[in-house]
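# what's the 3D shape of this:
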Amino acid sequence: MTGVAENHNTSLPPKEAGLFKRLLKMYEQKQYKMALKIAKQILSNPKLADHGETLAMKGLTLSYMGRKEEAYEDVKRGLKSDLKSYVCWHVYGLIQRGDKKYEEAMKCYVNALKIDKDNIQILRDLATLQVQLRDLEGFRDTRYRLAVLRPSQRSHWLAYAVALHLQGELPLAIKVMEECRKLAHPEKREDCDVEYGEYILYQLELMMEAGSFPEAIEHSLRYESYVFDNVSLLENRVKAYLASGKKKEANEVLFTLLDRNAENWKYYQDLSFPTDSAENLLEFCKEMQKSKPSARTPKKIPLTLTQGDEFRILVRSYLTQGLQKGLPALFNDIKLLYKEPSKASIIEEEVFKILDMEKSRSSQVSPQTSSDEDLPASTLLWTYYFLAQHSDQKRDYIKALEYVDLAIEHTPTLVESYSFKAKIYKHMNRLVEAADCMDEAQSLDTSDRFINYKTGKYLLRANLVDRAETILAKFTREGMKASENLCDMQCFWYMIESARALNRLGKVGEALKILHVIDRHFMDIVDDQLDFHAYCLRKSTIRSYVALIRLEDSVRQHKFYVNAAVLAAEIYLQLSEKQPTDSDDDGINDPSMSAADKKKLKNKQRKAKKKADSERIQQEAAEKAKAHTKVKKDDDEPAAAQKEDLVPEKLAKPEDPLEQACHFLRPLLVLDIPHFDLHRVIFDVYQRKGKYAIAVRSLLRMMSLQPNHPKVAECRTVCLDFENTVNGVPSAIQEVTQEALLAIKQFVPV
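Sure, this is the predicted structure:
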């Protein structure tokens, strides 16, 4: 809850002034019923019936009680009564912010600051919204004003440094952080806390981004003993050494890091050697195998560096150990080696040798004569399992099924065998059989959440939506439909697969409803960062905060949103091609009716349908609001503005399908996403809307991703007609479009 800017109100009599202070106290303690009672008591005085600040506080209290319409009415009355009260403007901004009308809230804060320019609380709220809306220049200026007003508070200078960082003014940000560090520097080493170490690491990252590598090295060495996150410190020091060309010093730090974590592949890649780096790295990995015998990375890296007989010896040892231990992920460990056909052939030969040896051993050695030195009996099972994966990788699905069936015959209770058999069926596009096989795997271990998720996913891909919901209900909240619970929990994989299945089944409205829910979830993710602007600065988690800001700027690059946007655009494109005709409405195809009568009847039917839909939606909203009011508690946060209900029937009949498609695609236009299907639907949608510059840009991106795709040739043909239509657009856009069209004409597929 955000506090209200204090005002030593002199326009109230002493008694009412005391009540007003009590009103503020009740509001801050979330005792809204009592606050509302006090506000009414003040306003009951005929002389104070239009007291602006009391009306504003009454409205703010009502907003926290879920009574939005009354809240806006009272706040506007209060503001009208006292336009020169910064409290009224501040309260109006708080209510607007609660409804996520951030631009309007900022305007209110600016108006409040015109009256009281040095109000700390209003400046803080303004800075929060400025960074939320990425008004970075305004955020920097506001944070500087706060730092000047409260120079003794480190948090304001820290926030100012972050603002400079986001604005790209790194040298000044480094200087500000140095002053913050000096203010926080402990007298004794023992008094150092995590917060001070965070200052040092953040200053180090600023130096790295600014390219001040010598200063970064000196900084990391001088304050190393004050830092608790030593791994981050050492990793940044390695980057600084490598950027400065000091490879020997970088190696020394990397040896320390590898001693802590021998599985980090990046550390091995950063190592530098004076001569043949591959040979030296191979020798180093052999030394690491001796000092860290349980680490797998030092054993995997030599597989990528060797060839021929040397590779054969190493991979034989690696495979034997993995099969003996029964590692289901053994194939995934070495899957990258299949990019080289020669290595794939050697792997196949060695696995077949192990298979022959195991078959011979199992037929000759009885359990009574076996010794501890024999290979485990499960080695044959995991060899079959590996060969099934190997054959699947080669797309020899019949052979893969044979080997996985041998694995099932050997051990009928192994879940992994059934799940991989389902994967093979999926690759063969036998989706129903894949779903049945995965369902059988789930029946072997009903407590395994991962297998449950995979089963649900396979059932959805086979369009078995009801069966999928039954399976997934085992791990969702009781008394609630699995689909609703998974959507509320932002289970995006389920929502994407469910929308695809419903679309394939022809339930377009239900599919669009899920896709709009995904869009709302991503909006919520962006809105949720609002709470962290003050929290992260207060807790001094600065590096994580900057990372969060940058993540939020590109959060819609996530594959879940991209896939949802592509699917939604494809559906809306189909709907745009199936717009209703005059003959679709009842009675309009009557041959006895004139054209004018048909038009009147059509308009009448459209208005009647629109009125019926509106009444039904309003009734449902009223019922929801009534149920929401019954469970509302006094100490709840302010109720957010009600979102429009998503009605499948209404979504399936949009008035402007292309505009709805643009709603999903618009946030992605400013992001450079290497996704061919995304740019394909962007082209189709925007060229139909006459936005040729965007369409041409998407075609250029398609050409760079998959130049030989048939869709590229089709779109190039469409683009040839653009030249006659771009003449009416602004000159700047026309010039860019003409240049792009010229590049498209000259394009020659590889």
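
# excluding its backbone neighbours, what's nearest F386?
The shortest distance from F386 to any non-neighbouring residue, by CB to CB, 6 or more residues apart in numbering, is to F331 (5.6 Å). The C-beta positions use only the backbone N, C-alpha and C, and glycine is treated the same way.

# and the one helix or strand that neighbour maps to, what other elements does it pack with?
F331 is part of helix 330-333, with elements assigned from DSSP states H and E. Counting contacts by 3 or more CB pairs under 8 Å, 6 or more residues apart in numbering; DSSP states H and E, helix 330-333 packs against helix 308-325, helix 379-393.

# Mind listing residues that contact it?
Contact with helix 330-333 is made by R296, K300, L319, G322, L323, L327, W382, F386, Q389, H390, Q393, as judged by CB atoms under 8 Å, 6 or more residues apart in numbering.

# Give me the distance between the helix or strand that that helix is followed by and the centre of its chain.
Scanning the chain past helix 330-333 towards its C-terminal end, the next helix or strand to appear is helix 341-364 (assignment: DSSP H and E). Per CA atoms, centre = their mean, to the nearest Å, the displacement of helix 341-364 from the mean C-alpha position of its chain is 44 Å.

# And helix 341-364, what's buried?
Residues K343, A344, I346, I347, E350, V351, I354, L355, E358 are the ones in helix 341-364 that count as buried (16 or more other CB atoms under 10 Å).

# Next, the angle from that helix to helix 379-393.
Calculated by axes from the mean of the first three to the mean of the last three CA atoms, to 10 degrees, helix 341-364 forms an angle of 150 degrees with helix 379-393.

# Which residues does helix 341-364 contact?
Looking at what lies outside helix 341-364 - CB under 8 Å, 6+ apart - the contacts are 303, 307, 311-312, 315-316, 319-320, 323, 334, 337-338, 374-375, 377, 379-380, 383-384, 386-387, 390, 394.

# and with 6 Å instead?
Taking contacts as CB atoms under 6 Å, 6 or more residues apart in numbering, the residues outside helix 341-364 that touch it are R312, V315, R316, L319, L337, Y338, T379, L380, T383, F386.

# Only the buried subset of those residues, as a ChimeraX command please.
In ChimeraX, the members of the contacts of helix 341-364 classed as buried (16+ other CB under 10 Å) are selected with the following command:
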select :312,315,316,319,337,379,380,383,386
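
# Dump the contacts of helix 341-364 into a markdown table; add distance to D677 and pLDDT as well.
Listed next are the contacts of helix 341-364 as a markdown table, based on distance: CB to CB, whole Å; pLDDT from 0 to 100:
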| residue | distance to D677 | pLDDT |
| --- | --- | --- |
| R312 | 41 | 95 |
| V315 | 37 | 94 |
| R316 | 42 | 95 |
| L319 | 38 | 94 |
| L337 | 30 | 94 |
| Y338 | 26 | 94 |
| T379 | 43 | 91 |
| L380 | 43 | 92 |
| T383 | 39 | 95 |
| F386 | 34 | 96 |
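
# Return the member of the contacts of helix 341-364 nearest to H165.
Of all the contacts of helix 341-364, L337 has the smallest distance to H165: 42.4 Å, by CB to CB.

# Identify the residues contacting that closest one.
Residues in contact with L337, defined by CB under 6 Å, 6+ apart, are K343.

# and if we set it to 8 Å?
With contact set as CB under 8 Å, 6+ apart, L337 has these partners: L303, T304, V315, K343, A344, I347.

# One more: K292?
The neighbours of K292, taking CB under 8 Å, 6+ apart as the test, are A262, P298.

# Tell me which residues touch the residue most central in space within the chain, please.
For the chain, the residue nearest the mean C-alpha position is V555 (4.6 Å; CA atoms, centre = their mean). Contact analysis of V555 by CB under 8 Å, 6+ apart lists F522, I525, V526, Y561.

# cutoff 6 Å now
Applying CB under 6 Å, 6+ apart, one finds that V555 lies in contact with I525.

# that older thread, distance of the residue nearest to F386 relative to A388?
To A388, F331 is 9 Å away according to CB to CB, to the nearest Å.

# Show me what the helix or strand containing E198 is packed against.
In this structure, E198 sits in helix 194-210 according to DSSP H and E. The criterion is 3 or more CB pairs under 6 Å, 6 or more residues apart in numbering; DSSP states H and E, and the helices and strands that helix 194-210 contacts are helix 170-184, helix 213-222, helix 230-243.

# Determine which stretch of the ones you listed is the most buried.
The highest mean neighbour count among the helices and strands packed on helix 194-210, using mean count of other CB atoms under 10 Å, belongs to helix 230-243: a mean of 19.

# What is that one packed up against?
Secondary elements touching helix 230-243 (3+ CB pairs under 6 Å, 6+ apart): helix 194-210, helix 213-222, helix 247-260.

# how about the helices in the stretch 601-750 of the chain?
Ranges of helices in the stretch 601-750 of the chain, per DSSP state H, counting those that start in this stretch, are 648-651, 657-665, 676-688, 692-705, 710-719, 731-746.

# Next, the buried residues of the first one.
For helix 648-651, a neighbour-count test (16+ other CB under 10 Å) marks K650, L651 as buried.

# Using CSV, write out the CA atom coordinates for that helix.
Taking C-alpha atoms only, helix 648-651 is exported to CSV below (Å, rounded to 0.1, in the frame of the first residue of the first chain):
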residue,chain,number,x,y,z
PRO,A,648,-15.7,-18.0,-26.7
GLU,A,649,-18.8,-17.3,-28.9
LYS,A,650,-17.9,-13.6,-29.1
LEU,A,651,-14.2,-14.2,-29.7
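
# returning to that earlier point: TSV please, covering the helices and strands packed on helix 230-243 and showing mean pLDDT and distance to F228.
Formatted as TSV, the entries for those read as follows, by pLDDT from 0 to 100; distance: least, CB to CB, whole Å:
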stretch	mean pLDDT	distance to F228
helix 194-210	94	5
helix 213-222	94	14
helix 247-260	94	15
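
# Any idea which helix or strand in the chain has the lowest mean pLDDT?
Each helix and strand of the chain was given a mean pLDDT (mean pLDDT, DSSP states H and E); the minimum falls on helix 595-631 at a mean of 63.

# hmm, back to that, quick one, which of the helices and strands packed on helix 330-333 is packed in tightest?
Of all the helices and strands packed on helix 330-333, as judged by average neighbours under mean count of other CB under 10 Å, the leader is helix 379-393 with a mean of 22.

# how far out from the middle of the chain is the helix or strand following that helix?
Later in the chain than helix 379-393, the nearest helix or strand by DSSP H and E is helix 397-410. For helix 397-410, the distance between its averaged C-alpha position and the chain's averaged C-alpha position is 39 Å (CA atoms, centre = their mean).

# how would you label P328: helix, strand or coil?
At P328, secondary structure determined by DSSP: H, G, I helix; E, B strand; the rest coil is coil.

# Would you confirm that it contacts V415?
No: with contact defined as CB atoms under 6 Å, P328 and V415 do not form a contacting pair (9.6 Å).

# can you give me the angle the helix holding E198 makes with helix 170-184?
In terms of direction (the same axes, to 10 degrees), helix 194-210 departs from helix 170-184 by 160 degrees.

# Show residues contacting helix 194-210.
Residues lying outside helix 194-210 but in contact with it, judged by CB under 6 Å, 6+ apart, are 170, 173-174, 177, 180-181, 184, 215-216, 219-220, 223, 226-228, 232, 236, 540, 542-543.

# one more time with 8 Å, if that's ok
158, 161, 165, 170-171, 173-174, 177-178, 180-181, 184-186, 213, 215-216, 219-220, 223, 226-229, 232-233, 236, 239-240, 540-543.

# got it, and stretch 241-248?
Here stretch 241-248 makes contact (CB under 8 Å, 6+ apart) with G211, F213, P214, I217, E249, A250, V253, D270, S272.
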